[in-house]
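Engineer: The following block contains a protein sequence and its predicted model.
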Amino acid sequence: MSYDLESLGIINALLETEGIGPQRIIALLKNFDNPTDILETEKISISKIEGFSETLANRILASLKNKNELQSEFETQLEQLEKSNIKLITYWDEDYPKPLKNIYYPPIFLYLKGELKKSDEIAIAVVGTRTPTNYGKEIAKEFASEISKSNTTVVSGMARGIDSIAHTAALDNGGRTIAVIGSGLDIIYPPENKKLFERIIENGCVVSEFKLGTQPDAQNFPRRNRIISGLSKGVVIIETRAIGGAMQTANHALDQGREVYAVPGNIHSKNSEGTNLLIQQGNAQLVLSAKEVLKDLKIETSEIKIEQRKNSFDNLTLFEQKIIDIFNGEKLQIDLIAEKTSMNVADCLVSLLTLEFKGFIRQLPGKYFEVIY
């Protein structure tokens, strides 16, 4: 179910009303066929809804008193979004992420820069401190790289430190990544991540529940963190103090029924306080590699997928099989394919074309080819 422009203007006004969060909006709209019906109701009808007082009902009706003004304000917002190439989806839209819809406190509006895909429903969050040690940097890069190689989306918060490393590693390995930020999509924070922001929207998505112009204030980040875990099947914590954003994300994950994993660290390091504490208290599984996370979440690694795909190739000619056998998940240029198979380029191209027709091979720019696993 999607709402029309007039209804969305009312929902937008409700989001701006003090004391009205996503849960109350969802509860309110369950009692009306359409948001516009709220304009015609009396406060007594609203105050009878569970969780709504007479004071809150008065506040809601006061915020919705000028219908034309609400419509005009929302249309102006939509024009700004269109100019910035930002997409708005709502909790009721079909393309709203299913994993996020099932959390206790789902965002009503999501602003997107880039593209969310169906495949992004298989995602793992990698988060941690803004000031990692060299050990933390290496582990973040290692985990995010391995996760990406399994065709699993990496989710993080685009903050300095572990988050930025995780996003970068995912992109460097040709993977997809989602950044959830605590400001409007027109405000890049930290500012030095402008290039990273641009890279992410090319092969992933930057997501926010905050409207344009919202500054990255401290109170926004706990809300941001629940979306990071909500979009993910599991959360990997790499270096964090006992109190910090990554610990908030871990707690949100636990509340949402997500799996939490922690990489152990030096017991004398402040940066390992949080991860070691999560493990000690039994709130996170101790993991030493991304493969352990993927196995626990029943996500096949790239090596398994490649082997399974190779075993599924039927009715190939000797030359076609010879070509398939040289691929191991990488992209190969035609000259290298010819060299590896000891075939001439013309014969290789004929077999590659046949394999492409059969749906086994994909041609890329620059005469590069890859197997479709």
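Structural biologist: Good, I have the coordinates.
Engineer: what's Ser7 in contact with, if anything?
Structural biologist: Ser7 is in contact with Asn34, Pro35, Thr36, counting by C-beta atoms under 8 Å, 6 or more residues apart in numbering. Using the backbone N, CA and C atoms, a C-beta is placed for each residue, glycine as well.
Engineer: from those, which single one is nearest Lys298?
Structural biologist: Pro35 (40.1 Å; C-beta to C-beta).
Engineer: care to break this structure down by domain?
Structural biologist: Using automatic domain parsing, the domains assigned to the chain come out as 5-82, 113-296, 302-371.
Engineer: Just put those in JSON lines and tack on mean pLDDT and distance to Pro107.
Structural biologist: Output for the domains of the chain, formatted as JSON lines (pLDDT from 0 to 100; distance: least, C-beta to C-beta, whole Å):
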{"stretch": "domain 5-82", "mean pLDDT": "88", "distance to Pro107": "6"}
{"stretch": "domain 113-296", "mean pLDDT": "96", "distance to Pro107": "4"}
{"stretch": "domain 302-371", "mean pLDDT": "81", "distance to Pro107": "32"}
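Engineer: Dump these to CSV, plus distance to Tyr104.
Structural biologist: Formatted as CSV, the domains of the chain follow (distance: least, C-beta to C-beta, whole Å):
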stretch, distance to Tyr104
domain 5-82, 7
domain 113-296, 7
domain 302-371, 34
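Engineer: out of the ones you listed, nearest to Leu88?
Structural biologist: That would be domain 5-82 among the domains of the chain, by C-beta to C-beta, at 5.7 Å.
Engineer: what's the span of that closest one from first residue to last?
Structural biologist: This stretch, domain 5-82, spans 15 Å end to end (C-alpha to C-alpha, to the nearest Å).
Engineer: And the helices in the stretch 1-150 of the chain, which stretches?
Structural biologist: Secondary structure of the stretch 1-150 of the chain by DSSP state H, counting those that start in this stretch: the helices cover 5-15, 22-29, 43-47, 54-63, 67-83, 98-101, 134-149.
Engineer: ok, the closest residue to Phe52 other than its chain neighbours to Gly19 distance?
Structural biologist: What sits nearest to Phe52 in space, not counting adjacent residues and going by C-beta to C-beta, 6 or more residues apart in numbering, is Ile46, at 5.4 Å. Per C-beta to C-beta, to the nearest Å, Ile46 is found 12 Å from Gly19.
Engineer: Can you report how many residues lie near the spatially closest residue to Gly136 that is not a sequence neighbour?
Structural biologist: Excluding its sequence neighbours, the residue lying closest to Gly136 (C-beta to C-beta, 6+ apart) is Glu239, at 3.7 Å. Using other C-beta atoms under 10 Å, the number of residues around Glu239 comes to 31.
Engineer: Touching, Lys43 and Ala57? I think so.
Structural biologist: Yes: using C-beta atoms under 8 Å, Lys43 is in contact with Ala57, at 3.9 Å.
Engineer: Spatially central, which residue of the chain would that be?
Structural biologist: Ile178 (3.7 Å; C-alpha atoms, centre = their mean).
Engineer: neighbouring strands for whichever helix or strand that residue is part of, and are they parallel or not?
Structural biologist: According to DSSP states H and E, Ile178 maps onto strand 177-180. The strands beside strand 177-180 in its sheet (DSSP bridges) come out as strand 153-156 (parallel), strand 204-208 (parallel).
Engineer: CA atoms only for that strand, dumped as CSV, please.
Structural biologist: C-alpha atoms of strand 177-180 as CSV (Å, rounded to 0.1, in the frame of the first residue of the first chain):
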residue,chain,number,x,y,z
THR,A,177,27.8,-1.5,0.6
ILE,A,178,25.1,0.5,2.4
ALA,A,179,26.0,3.5,4.5
VAL,A,180,23.4,4.7,7.1
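Engineer: so which of the strands paired with strand 177-180 is the most packed in?
Structural biologist: Per residue and on average, the most neighbours among those fall to strand 153-156, with a mean of 29 (mean count of other C-beta atoms under 10 Å).
Engineer: for stretch 145-156, the distance to its chain's centre please.
Structural biologist: 11 Å (C-alpha atoms, centre = their mean, to the nearest Å).
Engineer: how far does it stretch from start to finish?
Structural biologist: 14 Å.
Engineer: before we move on, back to that, single out the most deeply packed of the domains of the chain.
Structural biologist: Comparing those by mean count of other C-beta under 10 Å gives domain 113-296 as most buried, with a mean of 21.
Engineer: quick one: contacts for the residue nearest to the centre of the chain?
Structural biologist: Taking C-beta under 8 Å, 6+ apart, we find Ile178 in contact with 116, 120, 123, 153-156, 200, 204-207, 231.
Engineer: mind putting these in JSON lines, distance to Ser351 included?
Structural biologist: Formatted as JSON lines, the contacts of Ile178 follow (distance: C-beta to C-beta, whole Å):
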{"residue": "Leu116", "distance to Ser351": "37"}
{"residue": "Asp120", "distance to Ser351": "34"}
{"residue": "Ala123", "distance to Ser351": "36"}
{"residue": "Thr153", "distance to Ser351": "33"}
{"residue": "Val154", "distance to Ser351": "35"}
{"residue": "Val155", "distance to Ser351": "39"}
{"residue": "Ser156", "distance to Ser351": "41"}
{"residue": "Ile200", "distance to Ser351": "37"}
{"residue": "Gly204", "distance to Ser351": "34"}
{"residue": "Cys205", "distance to Ser351": "37"}
{"residue": "Val206", "distance to Ser351": "41"}
{"residue": "Val207", "distance to Ser351": "43"}
{"residue": "Leu231", "distance to Ser351": "41"}
